[in-house]
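# sequence and predicted model, in that order:
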Amino acid sequence: MRPNCKPIHFIFDFVVKLSSKRLDLRLAHTWSIARSRGADKTSVVIVQLTDVDGVVGLGKAAPVARYGESAESVEAFCKRVDARKLSFNDVTSGMNYLGANSPGDMSAKCALNIALLDGAARRARKSIHNFLKLGFRENHHVTSFTIGIDRAEVIRKKVLEARRFPILKVKVGAADDAANLRALREVAPDKWLRVDANEGWQTKEQSLEMIERLAQDKFIQFIEQPMPAAAPVKDWTWLKQRSPLPIFADESYHHAADAERCAECFHGVNVKLVKTGGISAAFDALQAARKVGLKTMVGCMIESSVLISAAAHLAELCDYLDVDGNLLITNDPYRGVTAENGILSFTDTPEKFGLRVTARDAQSSVN
């Protein structure tokens with residue numbers, strides 16, 4: 001071999017194996033929001049990519065029924081993927097290939113994008129936030145803790161259990177919202193609160209009336225997605241002009257291309273990896289939102305520490321964080337970013353590269 005020649009295996013720099021495994025995550029409390037009620041568990045899909053050198057990348061899909069996704073649709077998408085079209089050395093080309101495979105399936109693409117970045121960062125011997133040149137300030141980033149829709153007596157119990165968290169997020173959009181908020185304030189009278197309607201109010205007039213009532217509470221930071229995403233832009237701009245509280249888009253904001261329109265309609269946006277299709281697109285969506293003057297938040301679904309840790313790597317691009325999905329379940333099979341007293345930290349993670357996530361036991365591994 002001539003001096004300075006690369007080893008011949010560089011020609012075969014691709015993923016050789018894609019594995020997936022479905023998991024049922026059990027919720028600590030029955031979960032209800034404006035558009036769905038009474039869930040005790042949720043199905044997710046863990047994916048694992050292995051390249052020719054044995055480097056492994058881990059990812060996860062939390063499919064969203066709101067967008068027609070399920071664990072079955074994620075598994076079906078993964079079966080269509082040719083792993084040889086994916087490489088830890090070229091994440092962008094891999095995502096272009098996945099994008100051409102389907103116009104939707106964002107949760108499945110999210111899992112594969114995270115796995116690609118996990119493998120790429122591991123190969124570079126960096127954490128993902130350093131691989132993306134973002135950094136991560138310890139003892140700086142604080143997540144809210146979410147209280148789902150429930151009966152007033154259960155709301156009180158949930159809020160007491162969450163007393164160590166400095167910021168709560170409460171779901172609304174039910175007939176007994178007022179009673180639930182009173183119950184919350186009985187046990188947490190001066191705790192910072194974020195309110196999420198999940199498209200639960202149907203008109204701009206109803207939304208304004210509800211927001212004006214909420215604004216009487218001086219410890220409420222903002223209201224998230226009060227109306228359906230399909231509401232006309234003119235209704236959103238009408239509401240934005242009159243709202244006494246900042247309005248954040250969730251279901252109305254998916255990609256960087258939505259930033260200009262959302263700047264007309266909202267004060268901020270909630271970016272979720274399962275909506276954008278992974279860390280790479282979420283990075284772009286956060287940057288685009290900041291560029292047009294929107295406040296930024298990274299949010300989550302009910303998730304394990306794989307997706308929560310993936311989202312936490314983007315914390316430096318955010319004004320607010322809502323990454324508590326792993327704190328709402330009782331059987332998280334992975335260890336990653338921690339949230340003691342709501343403060344995110346990677347300090348105690350055994351893994352120092354990539355996602356900085358490890359399986360709690362051998363049963364968590366993807367075969």
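Yep, it's here.

# contacts and neighbour counts: CA atoms only from here.
Noted.

# which strands or helices does the lengthiest helix in the chain pack on?
In the chain, with assignment by DSSP state H, the single longest helix is helix 106-124. The helices and strands touching helix 106-124, judged by 3 or more Cα pairs under 8 Å, 6 or more residues apart in numbering; DSSP states H and E, are strand 36-51, strand 56-61, helix 71-80, helix 91-101, helix 128-131, helix 273-276, helix 279-291.

# which residues in the chain form helices?
Under DSSP H, the chain gives helices at 71-80, 91-101, 106-124, 128-131, 152-161, 177-187, 204-214, 233-242, 259-265, 273-276, 279-291, 305-312.

# could those helices go into TSV alongside distance to Pro350 and mean pLDDT?
Below are those laid out as TSV (distance: least, Cα to Cα, whole Å; pLDDT from 0 to 100):
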stretch	distance to Pro350	mean pLDDT
helix 71-80	29	96
helix 91-101	25	95
helix 106-124	14	97
helix 128-131	15	98
helix 152-161	28	93
helix 177-187	37	92
helix 204-214	43	95
helix 233-242	45	98
helix 259-265	37	98
helix 273-276	24	96
helix 279-291	22	98
helix 305-312	13	98
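
# quick one: contacts for Val81?
Leu98, Asn101 (Cα atoms under 8 Å, 6 or more residues apart in numbering).

# could you pull up phi and psi at it?
phi -80, psi 130 (degrees, to the nearest 10).

# show the pLDDT at it.
pLDDT recorded at Val81 is 96.

# can you pull the contacts of Arg356?
Per Cα under 8 Å, 6+ apart, neighbours of Arg356: Ser127, Ser309, Gly336, Val337, Phe346, Thr349, Pro350.

# so what's the last one up against?
This means Pro350. Arg356, Val357, Thr358.

# with the third one instead?
In this structure, Gly336 makes contact with Ser305, Val306, Ser309, Phe346, Thr349, Leu355, Arg356, Val357, Thr358, judged by Cα under 8 Å, 6+ apart.

# JSON lines for the contacts of Arg356, including distance to Ala115?
Listed next are the contacts of Arg356 as JSON lines, based on distance: Cα to Cα, whole Å:
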{"residue": "Ser127", "distance to Ala115": "13"}
{"residue": "Ser309", "distance to Ala115": "12"}
{"residue": "Gly336", "distance to Ala115": "15"}
{"residue": "Val337", "distance to Ala115": "17"}
{"residue": "Phe346", "distance to Ala115": "19"}
{"residue": "Thr349", "distance to Ala115": "18"}
{"residue": "Pro350", "distance to Ala115": "18"}
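
# what pairs with Glu224 across the strands?
Beta-bridge partners of Glu224, counted by DSSP bridges, are Asp196, Phe248.

# isn't Ala259 up against Ala289?
Yes - under the criterion of Cα atoms under 8 Å, Ala259 is in contact with Ala289, at a separation of 5.3 Å.

# I'd like the helices of the chain as CSV, with mean neighbour count and distance to Leu27 appended.
Converted to CSV, these look like this (neighbours: other Cα atoms under 10 Å; distance: least, Cα to Cα, whole Å):
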stretch, mean neighbour count, distance to Leu27
helix 71-80, 17, 17
helix 91-101, 17, 31
helix 106-124, 28, 20
helix 128-131, 22, 28
helix 152-161, 17, 13
helix 177-187, 17, 20
helix 204-214, 17, 28
helix 233-242, 16, 34
helix 259-265, 19, 33
helix 273-276, 26, 19
helix 279-291, 21, 25
helix 305-312, 28, 14
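
# out of those helices, which is closest to Leu58?
helix 106-124 (4.3 Å; Cα to Cα).

# what angle sits between that closest one and strand 56-61?
If you take axes from the mean of the first three to the mean of the last three Cα atoms, to 10 degrees, helix 106-124 sits at 160 degrees to strand 56-61.

# hmm, which two among the contacts of Arg356 are most spread apart?
Among the contacts of Arg356, Ser309 and Pro350 lie farthest apart (Cα to Cα), at 13.2 Å.

# quick check: neighbours shared by the two?
Residues touching both Ser309 and Pro350 (Cα under 8 Å, 6+ apart) are Arg356, Val357.

# stretch 291-310 spans what distance, first to last residue?
23 Å (Cα to Cα, to the nearest Å).

# the longest strand anywhere in the chain: how far from the chain's middle?
What stands out as the longest strand in the chain, according to DSSP state E, is strand 15-33. How far strand 15-33 lies from its chain's middle: 14 Å, per Cα atoms, centre = their mean, to the nearest Å.

# got it, and stretch 336-346?
15 Å.

# could the C-alpha coordinates of that stretch be exported in CSV?
Taking Å, rounded to 0.1, in the frame of the first residue of the first chain, the C-alpha atoms of stretch 336-346 are listed here in CSV:
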residue,chain,number,x,y,z
GLY,A,336,-29.9,10.1,29.6
VAL,A,337,-30.3,13.8,30.5
THR,A,338,-31.6,14.3,34.0
ALA,A,339,-34.0,17.0,35.3
GLU,A,340,-33.5,17.2,39.1
ASN,A,341,-35.7,20.1,40.3
GLY,A,342,-36.4,20.8,36.6
ILE,A,343,-32.8,21.7,35.8
LEU,A,344,-31.4,19.7,32.8
SER,A,345,-28.0,18.1,33.2
PHE,A,346,-25.8,15.7,31.3
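
# mind listing what's buried in it?
Under the neighbour-count criterion of 16 or more other Cα atoms under 10 Å, stretch 336-346 has Gly336, Val337, Thr338, Ala339, Asn341, Gly342, Ile343, Leu344, Ser345, Phe346 buried.

# any idea how far apart the tips of stretch 172-182 sit?
One end of stretch 172-182 to the other measures 12 Å (Cα to Cα).

# from Gly293, how far off is Gly148?
30 Å.
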